[in-house]
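In: I would like the atomic coordinates for the input below:
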Amino acid sequence: MDRSRIGSAVPEAVFAARAVECGEADVVVVDLRRHAESIAEVRQAVPAARIVAFGPHVDDEVMAQAGRAGADLVLPRSRFFRDVAAALGV
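Out: Numbers count the residues shown, from 1 in each chain. Alright, predicted model coming up:
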């Protein structure tokens, strides 16, 4: 469901399961519920990318850790999906 919502907002989106698959991405989206531990790896794999992470609004610590690990923007899931294109800056 998340893929379809992101894909409909940003049709040119490419989905990758691992940081090394992000290639030359300008923006990388990370679902903190599934991949919170991968923020630092994404930052290392694609240092120039803008990292946008989203997660459950009740998980303050995971969201704070994402910011410390290198995410440029960390949003509650509901806010991210309210306007995906705006959150991604496209």
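
In: Three-state assignment for the most centrally placed residue in the chain, please.
Out: Nearest to the geometric centre of the chain sits residue 29, at 2.2 Å (CA atoms, centre = their mean). Using DSSP: H, G, I helix; E, B strand; the rest coil, the structure places residue 29 in strand.

In: Surely it and residue 81 touch.
Out: No - using CB atoms under 8 Å, residue 29 is not in contact with residue 81, being 11.0 Å away. All C-beta atoms are positioned from the backbone trio N, CA, C, and that covers glycine.

In: For the two, list the residues in contact with both.
Out: Common contacts of residue 29 and residue 81 (CB atoms under 8 Å, 6 or more residues apart in numbering): residue 54.

In: residue contacts, the residue of the chain most remote from its centre?
Out: Within the chain, residue 58 marks the point farthest from the mean C-alpha position, 17.4 Å out by CA atoms, centre = their mean. Residue 58 makes no contacts at all, as judged by CB under 8 Å, 6+ apart.

In: Regarding it, what is its secondary structure?
Out: coil.

In: any idea how far it lies from residue 74?
Out: Residue 58 sits at a distance of 14 Å from residue 74 (criterion: CB to CB, to the nearest Å).

In: which residues touch residue 33?
Out: By CB under 8 Å, 6+ apart, residue 33 lies in contact with 55-56, 59, 77.

In: Same check on residue 79?
Out: Applying CB under 8 Å, 6+ apart to residue 79 gives the contacts 54, 87.

In: name the element it belongs to?
Out: Element membership of residue 79, judged by DSSP states H and E, is helix 77-82.
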